[in-house]
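K.L.:
Need coordinates for the following:
(one chain, ligands or ions: 1)
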Amino acid sequence: MNVRRLVVIAVAGFVVVVAIVIASGGVAPGSVPGLPVAQPANGVAVQAGAPLPMLQDIDPEDLDPARDIPGIPPVALAPPGGAVVQANGIRIPKPVMPSGPRRIGIQVGHWMTDQVPAELGTRITFQTGTSWAGVQEVDVNMDVAQRIKAQLTARGYIVDLIPTTVPVGYLADVFLALHADGDGTGENSGFKLAHGSRRGPYEENLVAQLRDEYAKLTGLPNDFEHTTRNMTAYFAFNWGRYQHAAAAHTPAAILEMGYLSNDHDRDLLVNRADGVATAIVNGLQRFLDDVPRSKIFGEDLIVPPQRSFPSPSPRP
Ligand SMILES: [Zn+2]
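P.N.:
Next up is the predicted model:
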């Protein structure tokens, strides 16, 4: 499939979806607390779960035959609260400004993965996490998450420990997914951080603050060259595909804390878990100090439709 043909098809799709939305009246239900009904000031409202005129990120491992046109990635769906299709792209309305203490979601990687809803499909069900020398990843993730929760709660924050299934349209001041790696050899060492795409503007900041504090306190190298599509296209970031995802406004990141398959990394994660938790808490604290709630939830997000098209391959 050449890129120009794909773009032509996608643009045609945009026109068709706009026409369908206009014909159907396009009423957004806004059924999730904190997420407003999309108001089409100068565009067309698309209700939650209805198709948006843009494509999903391409993930070769993740094509869903039930939804795909052969060779074309699946279309995106409007998130809880709906979206507005307008001339310059897709507008995600800002949420109702939350009140009270700031809220932090810590997702425990692979926790209750057998209980995911149908929309998350079977691929995730099989992702049970890594293990090495009798240590299960989900147990390490849970141990560190509980220590993070204790430390942040003591600082006055509200902390949700979140299983594989993210609450529908999850809204928080920050969301962090915890995982640990395995390479099957014991050679690799280090941590990795990533955020998704087509989301709010503060996620690079979140990753930077976590990276600095985590490197400083754990002494682990930044293993960024092994960052994968499984991280940048992580399902919990993908509001355009799953209703059970972090809301587009929620600053979100994923941290691979180290390699369970590496003796040094595993010792750190198992025997010095409180220090690991402190490193993460300090990074989250720096982000929260730097980016106030009024910024995170203060503006609608505009997702340009062309950002979802594959980048052209370099010309020879
Ligand atoms: Zn994992």
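K.L.:
what sits opposite whichever residue of the chain sits closest to the ion in the beta ladder?
P.N.:
The nearest approach of the chain to the ion comes at His179, 3.4 Å away (C-beta to the ion). Bear in mind the C-beta positions are built from the backbone N, C-alpha and C, glycine included. Taking DSSP bridges as the rule, His179 bridges to Glu256.
K.L.:
Could you report the neighbour count for it?
P.N.:
24 (other C-beta atoms under 10 Å).
K.L.:
before we move on, what about the one 10 residues further on?
P.N.:
When counting by other C-beta under 10 Å, one arrives at 19 neighbours for Ser189.
K.L.:
before we move on, what SS does it have?
P.N.:
The assignment at Ser189 comes out as coil when based on DSSP: H, G, I helix; E, B strand; the rest coil.
K.L.:
got a list of what the residue nearest to it when sequence neighbours are not counted touches?
P.N.:
Spatial nearest neighbour of Ser189, excluding adjacent residues (C-beta to C-beta, 6 or more residues apart in numbering): Asn262 at 4.7 Å. Residues in contact with Asn262 (C-beta atoms under 8 Å, 6 or more residues apart in numbering) are Asp183, Gly186, Glu187, Asn188, Ser189.
K.L.:
Pull the distance from stretch 228-240 to the chain's centre.
P.N.:
Centre-to-centre, stretch 228-240 and its host chain are 5 Å apart (C-alpha atoms, centre = their mean, to the nearest Å).
K.L.:
Just the endpoints, please. Distance across it?
P.N.:
By C-alpha to C-alpha, to the nearest Å, the extent of stretch 228-240 from end to end equals 20 Å.
K.L.:
Now rank the contacts of Asn262 by neighbours and give me the top one.
P.N.:
Within the contacts of Asn262, Ser189 tops the neighbour count with 19 neighbours, counted by other C-beta under 10 Å.
K.L.:
Need the pLDDT of that one.
P.N.:
At Ser189, the predicted lDDT confidence score is 97.
K.L.:
correct me, but it touches His264?
P.N.:
Yes. Ser189 is within contact range of His264, at 6.1 Å (criterion: C-beta atoms under 8 Å).
K.L.:
Would you map the helices across the stretch 151-300 of the chain?
P.N.:
Under the criterion DSSP state H, counting those that start in this stretch, the stretch 151-300 of the chain contains helices at 203-218, 229-232, 263-271, 273-290, 293-296.
K.L.:
What lies in contact with stretch 124-134?
P.N.:
Applying C-beta under 8 Å, 6+ apart, the contact partners of stretch 124-134 are 109-110, 113-114, 116, 136-138, 141, 164, 179-182, 235, 260-261, 266.
K.L.:
let's see it at 6 Å
P.N.:
For stretch 124-134, contacts defined as C-beta atoms under 6 Å, 6 or more residues apart in numbering pick out His110, Val116, Glu137, Val138, Gly182, Leu260, Ser261.
K.L.:
Stretch 89-109 now?
P.N.:
Against stretch 89-109 from outside (C-beta under 6 Å, 6+ apart): 34-36, 38, 52, 83-84, 141-142, 145, 148, 152, 156-162, 171-179, 248-249, 297, 299-305.
K.L.:
For this protein, which residues are neighbours of the ion?
P.N.:
Residues of the chain found near the ion, taking C-beta under 5 Å from the ion as the criterion, are Gly109, Gly129, His179.
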